[in-house]
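Enquirer: Test case, fold it:
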Amino acid sequence: MSQKPKKEGLHRNVWVASGTSFLTDISSDMLVTVLPLFLANVLGVRIWAVGAVEGLADTTASVLKLYSGWMSDRMRTRKWFAVTGYAISALAKPFYYIASSWGAVAAIRWGDRLGKGVRTAPRDALIADSTPANRRGLAFGLHRAADTGGAVVGLLITVWIVRQSQGSSLLLQEATFRKLVLWSLLPAFLGVIVLAAGAKDISTTSTKSRRPTIRVKGLGRGFAAFAACSVLFELGNSADAFLVLRAQERGLSVVGVLWILIAFNVVYSLISTPAGALADRVSRKWMLFAGWCVYAGVYLGFALAESATHVVGLYIVYGIYHGLVAGAARAMVADLVPADLRGTAYGTYGAVVGLVSLPASVLAGVLWEGLGDWGGFGPGAPFAFGAATAVLAAVILVVAVPDGPAEQSIPEPGH
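Expert: Model prediction:
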């Protein structure tokens, strides 16, 4: 039988999920951050194809978030969906070691994100189930801080391996990438074990009893409005692979790119927990509005960046943006829907937003490099487009999305 969370602290599930995310991100960031460099530098893949690989992977994850969240509501269990998803991702990673074409990388990345699609909505619903409404911003902020802290550790390991393998070379070498794959496996599988051994499902009661639905309409107008403006925002939010390629295009070496990613993740991690706690005391909608405006400024900066120094400064501010919105966005989803539909809500939100990832990333690649005989608008174009969509989405957020919980009385987690 699961335990009721103590009033003076966060439930054990929050800490266990955070620990698993910490370990998983150590593993993931050892690979994902250099994957666009492996595709471009080693395999010679064009920019639009890099976008297609990332977009296809995120789209796959998004569809599965919908069904895994719905199933976790229907079966009244979160833990084992999350464990299964983390295990799928861990099992996909060893295949990077033998990948020798962009199609193989795309397939492996698809498998990795398949796992993410299975785990994300149930895991977020488990955190929400385990936390009273007035502490969800803190809980999700802490989880995001742990996730990002893992990224910092993973990137530090990556810097050490890259320097040992190839020094300060501008381009990533194949042998370096293969070595990173081997080092990434231990934390990936350890994260699965931590979640399987430490998490417990939480039963929730609701003021209403209903059969879980996978329709956005069934989740309420407030949630639908939030999902809609988030889709608009994501249309200009291409994969971070383009930021990495922009940094290299402005003259940064592989090690230089990794160091600015470390700085980005340190800022992100430090901001996430206090920003999440702040989102419990002020309007979460206005926290998101502020974050999206910061994002617009950052992307406009990337469009206009003229040197590596500009890129470094922009990445720092980009970390502030992520820290501001990480806890507030997830807490807001829980606010807008009833307790017994949280898994469906997180899955639906992830699906409708993530389905935009493929067209957004392909569009970014085409704007940058063009397609066929058309040469595109250059490296700054996808970032200018992203800044514009972010501003428009922020305005719609303020106008169309309500503040506050969906129910007048949201029960605290029970036994």
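Enquirer: excluding its backbone neighbours, what's nearest residue 313?
Expert: Spatial nearest neighbour of residue 313, excluding adjacent residues (CB to CB, 6 or more residues apart in numbering): residue 301 at 7.9 Å. Any C-beta I mention is one placed from the backbone N, CA and C, and that applies to glycine too.
Enquirer: Sorry, wrong one. I was asking about residue 71.
Expert: Nearest-residue entry for residue 71: residue 81, 6.7 Å, with adjacent residues in sequence omitted and distances by CB to CB, 6+ apart.
Enquirer: Mind listing what's buried along the helix-or-strand element of the chain with minimal mean pLDDT?
Expert: Sorting the helices and strands of the chain by mean pLDDT, DSSP states H and E puts helix 47-74 at the bottom, at a mean of 74. Buried positions in helix 47-74, judged by neighbour count with 16 or more other CB atoms under 10 Å: 47-73.
Enquirer: cool, stretch 183-201 as well?
Expert: By neighbour count, and taking 16+ other CB under 10 Å as the criterion, the buried residues in stretch 183-201 are 183-185, 187-192, 194-196, 199, 201.
Enquirer: ok, the residue nearest to residue 71 to residue 351 distance?
Expert: Distance, residue 81 to residue 351, by CB to CB, to the nearest Å: 15 Å.
Enquirer: quick one on the thing from earlier: in what element of secondary structure is the residue nearest to residue 71 found?
Expert: In this assignment (DSSP states H and E), residue 81 forms part of helix 79-92.
Enquirer: gap between that helix and the chain center?
Expert: Distance of helix 79-92 from the chain centroid (CA atoms, centre = their mean, to the nearest Å) equals 16 Å.
Enquirer: quick one: buried residues of that helix?
Expert: For helix 79-92, by 16+ other CB under 10 Å, it's 79, 81-92.
Enquirer: Tell me which other helices or strands it touches.
Expert: Applying 3 or more CB pairs under 8 Å, 6 or more residues apart in numbering; DSSP states H and E, we find helix 79-92 packed against helix 12-31, helix 47-74, helix 102-129, helix 174-198.
Enquirer: What is the second one packed up against?
Expert: This points to helix 47-74. helix 79-92, helix 102-129, helix 241-249, helix 342-354, helix 357-369.
Enquirer: Buried residues in whichever helix or strand comes after the shortest one, which are they?
Expert: Note on helix 241-249: by DSSP H and E, the next helix or strand toward the C-terminus is helix 254-279. Applying a neighbour-count criterion of 16+ other CB under 10 Å, the buried positions in helix 254-279 are 254-273, 275-279.
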